[in-house]
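Colleague: Here's a sequence, model it:
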Amino acid sequence: MKEKLTAPILSRLTVECPFPDVFEETEKEQNGICSYPKRKIVHIRADHDTNRWWNTVWPWHDELATPEMRREIDATYEALTSKDALCDLATLTRFCKSHPEACAGASETEYNFYLEGKLCDYWLRLITRRRDYNIYLSAYAKEGLQ
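Modeller: This is a model prediction of the structure:
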């Protein structure tokens, strides 16, 4: 059974990160160049082709994820890309432009949002450029649940 989110997903997004501690404890990737949070479970990368969202799931610390966490992550992604949320790239772009405070640096095409779930915390990076990956949804195990 798919978990239903109780509030409209877009109204639950914030532009200030309510869980900065997740980014404090990091580890180097195998190539030794980039560092990533130790509590990162997965990120989902998606693009819209004018008809639908296509996504790829990139596991990080899959051993941290319980079946309940996986269901919450799936439900979060589905809620974000549903008809009443970010159903296509035009809607995603309008949503981002209505939140200029979420703009990432000098670029006016990348935006950061955050969401606190029941079991996971989420960083949502939205990119408004066509023919690019438009959604990066990263999920992190909450403190004490990993």
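Colleague: what pairs with residue 35 across the strands?
Modeller: residue 28 (DSSP bridges).
Colleague: How is residue 71 assigned, secondary-structure-wise?
Modeller: Secondary structure state of residue 71, per DSSP: H, G, I helix; E, B strand; the rest coil, is helix.
Colleague: Do a quick rundown of the strands in this protein.
Modeller: Applying DSSP state E to the chain gives strands spanning 26-28, 35-37, 40-48, 53-59, 110-116, 120-127, 135-141.
Colleague: want to throw those strands into a markdown table with mean neighbour count?
Modeller: All C-beta spots, glycine's among them, are computed from the backbone N, C-alpha and C. Listed next are those as a markdown table, based on neighbours: other Cβ atoms under 10 Å:
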| stretch | mean neighbour count |
| --- | --- |
| strand 26-28 | 12 |
| strand 35-37 | 16 |
| strand 40-48 | 20 |
| strand 53-59 | 14 |
| strand 110-116 | 20 |
| strand 120-127 | 22 |
| strand 135-141 | 22 |
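Colleague: As a markdown table, those with mean pLDDT and distance to residue 65 would be great.
Modeller: A markdown table is the format used below for those (pLDDT from 0 to 100; distance: least, Cβ to Cβ, whole Å):
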| stretch | mean pLDDT | distance to residue 65 |
| --- | --- | --- |
| strand 26-28 | 82 | 17 |
| strand 35-37 | 84 | 14 |
| strand 40-48 | 95 | 5 |
| strand 53-59 | 93 | 8 |
| strand 110-116 | 97 | 17 |
| strand 120-127 | 97 | 9 |
| strand 135-141 | 97 | 7 |
